[in-house]
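*Asks:* quick one, what's the 3D model for this:
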Amino acid sequence: MASTGRKLDPVWSDFDRIAPNKARCRKCPYEVAPLVDRMKKHISKVHMTAPQPVIEEPISKQPRITQYACSTTTEQKKQFDLPFRAVESSHFKKLVNDLLPGYQPPSRKVLGNEILDDVYMEQHEVAKKKLSGKLVTICVDGWTNTNNDPIVCCSIQQSSSVFLVKSVSTEAEAHTSEYLSELTKNAITEAESNFECVVVGITTDNAENMVKMRKMVVEEHDIISIGCMAHQFNLLAKDLTPAQLVSRICTIAKAFKFTHSMRGLLQQKEGSTSPVIPSEVRWSSTVGMLKWYARNWNYIRQIISENAELFDRGKGKEVKQLVGDLALYQQNEDGIKVLQPIASAIDAVQGNNVTLAGGLNTWKELLNSFRNSEGREWLAAAETRYNKSVVPPVFVAYSLHPKFVGESLTTSEWNVAVDWIKENRPSCLEEYMSYIGGGKDVIRKMHDISPNCDLFNFYKSQELLGNLKRELMELAQTLISVAPTSAGLERIFSNLGFVHSDLRNRLLPEKVAKLAFCLRCLNDD
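*Replies:* Numbering: from 1, shown residues only. Predicted coordinates:
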């Protein structure tokens with residue numbers, strides 16, 4: 001007959017009941033009260049073999065598949081930041097499955113369309129919150145992708161934040177000033193509509209078609225037109241750099257960079273550095289090459305003397321002749337003297353939060369360095385570029401900046417500033433003249449109290465204190481919002497090049513622009 005009653009605990013398999021109130025362990029002579037907890041405690045403490053109890057759960061609580069796998073939500077799928085094709089790789093799928101069994105990555109199509117669009121709109125809203133109501137500068141420039149397709153890009157810049165507004169593949173369309181002006185006008189409209197900002201300036205390089213384009217845009221929009229100061233510094237460097245010097249030093253640098261034997265011998269020299277090759281898009285790279293040659297000249301001479309056979313033929317023979325030319329070495333030293341101050345100026349104006357006043361101050365410092373040193377022979381070329389780079393609004397910005405208050409302006413430059421105010425902001429003329437007469441000293445003293453304060457808010461505080469009237473305050477805020485260079489857009493070109501690489505050369509321009517926009521926004525965060 002089957003037994004009835006409560007089922008015994010499995011721990012009884014290790015004990016015998018020897019009396020109603022006593023049980024003996026089968027593994028040792030130990031006797032204990034026949035209580036399950038005490039018997040388990042003995043087994044776990046002495047023998048460590050107590051079996052785990054079998055828990056019988058109701059049918060409604062049976063284990064579910066979700067305990068051993070997981071479902072994938074749409075939000076989880078959006079968290080992947082990979083090339084589109086990677087999600088369809090069998091190796092990638094295996095890796096994901098090993099890490100998170102049951103996870104199903106999005107398909108290439110979903111990742112490159114739906115998810116990209118969602119992330120783009122999300123980052124677009126973040127940018128809109130940052131830019132809403134702000135004064136911005138629009139920058140325009142051309143870029144060539146890895147397929148050699150001509151692309152024109154427009155970006156907006158507010159302080160150190162830069163956002164891509166428009167990226168257009170121009171295909172067979174010539175980059176005339178008329179075409180570029182229409183494209184820029186559309187970009188201004190889109191920027192103000194999509195980001196709720198106010199475009200107060202336009203900055204481009206100094207190419208002839210860009211200069212004409214800016215004039216055409218300014219005729220329809222009340223904005224300030226600026227030619228990129230960094231580009232003008234670069235043009236000055238080209239004016240003062242002997243082409244023959246650059247060509248001959250470049251021959252040496254390329255030999256030690258691209259000839260395996262020479263490169264290896266240079267690397268073996270302790271203290272040597274890798275050759276720098278000039279690039280059109282890296283404006284300080286020419287002086288970098290000249291400085292490389294000056295630093296490594298002795299190492300190169302040692303290599304030539306120790307490896308005569310290598311340098312008695314072909315390219316090696318030409319290098320030997322160039323390195324042995326002491327006049328070339330002296331020319332290289334002279335080239336560094338003239339180009340290093342210009343390279344420092346380029347770096348200064350391309351920094352974050354640089355204003356028109358800061359750009360003008362950099363120009364003033366460069367001119368003074370040429371006047372006070374061996375650079376007098378270069379001064380005429382520098383002054384020519386200075387006059388092309390600095391336009392009347394820059395003088396006004398310099399005079400209103402609380403750090404500079406126009407202290408280095410010449411009499412003629414003050415007159416130019418006044419004439420610009422008279423023609424373009426006549427309602428500010430009386431207040432500006434009062435500012436020149438003594439108000440600027442008050443502004444400077446107030447700024448000295450908090451030299452690192454935000455200039456936009458500083459001008460507002462001066463208006464509240466009665467040191468600036470509203471119209472002059474608004475003009476000052478406008479001028480500090482205009483970017484002196486298009487360096488921000490150049491950085492976006494770097495993002496575009498990273499996204500549209502040789503391995504991802506089939507991406508359409510629209511998709512490249514969205515990816516670059518997201519990359520830039522996420523990096524800023």
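
*Asks:* now the strands for the stretch 51-200 of the chain?
*Replies:* 135-144, 150-158, 161-169, 198-204 (DSSP state E, counting those that start in this stretch).

*Asks:* among these, which comes closest to Phe92?
*Replies:* Distance to Phe92, taken as Cβ to Cβ, is lowest for strand 161-169 among the strands of the stretch 51-200 of the chain, at 29.2 Å. Any C-beta I mention is one placed from the backbone N, CA and C, and that applies to glycine too.

*Asks:* and that closest one, which strands flank it?
*Replies:* strand 150-158 (antiparallel) (DSSP bridges).

*Asks:* one step back: next, format the strands of the stretch 51-200 of the chain as JSON lines and append distance to Asn307 and mean neighbour count.
*Replies:* Output for the strands of the stretch 51-200 of the chain, formatted as JSON lines (distance: least, Cβ to Cβ, whole Å; neighbours: other Cβ atoms under 10 Å):
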{"stretch": "strand 135-144", "distance to Asn307": "40", "mean neighbour count": "22"}
{"stretch": "strand 150-158", "distance to Asn307": "46", "mean neighbour count": "23"}
{"stretch": "strand 161-169", "distance to Asn307": "49", "mean neighbour count": "21"}
{"stretch": "strand 198-204", "distance to Asn307": "50", "mean neighbour count": "23"}
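
*Asks:* just put those in CSV and tack on mean pLDDT and distance to His401.
*Replies:* Below are the strands of the stretch 51-200 of the chain laid out as CSV (pLDDT from 0 to 100; distance: least, Cβ to Cβ, whole Å):
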stretch, mean pLDDT, distance to His401
strand 135-144, 94, 16
strand 150-158, 94, 18
strand 161-169, 92, 21
strand 198-204, 96, 16
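
*Asks:* out of those, nearest to Lys269?
*Replies:* Comparing these by Cβ to Cβ, strand 135-144 comes nearest, at 37.5 Å.

*Asks:* tell me which strands and helices the closest one is in contact with?
*Replies:* Using 3 or more Cβ pairs under 8 Å, 6 or more residues apart in numbering; DSSP states H and E, the elements in contact with strand 135-144 are strand 150-158, helix 177-195, strand 198-204, helix 487-499.

*Asks:* flag every buried residue along the second one.
*Replies:* Right, the one you point to is helix 177-195. 177, 180-181, 183-184, 187-188, 191-192, 195 (16 or more other Cβ atoms under 10 Å).

*Asks:* quick check, Gly351 in a strand?
*Replies:* No - the assignment for Gly351 by DSSP: H, G, I helix; E, B strand; the rest coil gives coil, which leaves it out of any strand.

*Asks:* still on that earlier bit, want to throw the strands of the stretch 51-200 of the chain into JSON lines with distance to Thr286?
*Replies:* Formatted as JSON lines, these follow (distance: least, Cβ to Cβ, whole Å):
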{"stretch": "strand 135-144", "distance to Thr286": "21"}
{"stretch": "strand 150-158", "distance to Thr286": "25"}
{"stretch": "strand 161-169", "distance to Thr286": "26"}
{"stretch": "strand 198-204", "distance to Thr286": "23"}
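
*Asks:* for Leu472, which of the helices and strands packed on strand 135-144 is the nearest?
*Replies:* strand 198-204 (15.3 Å).
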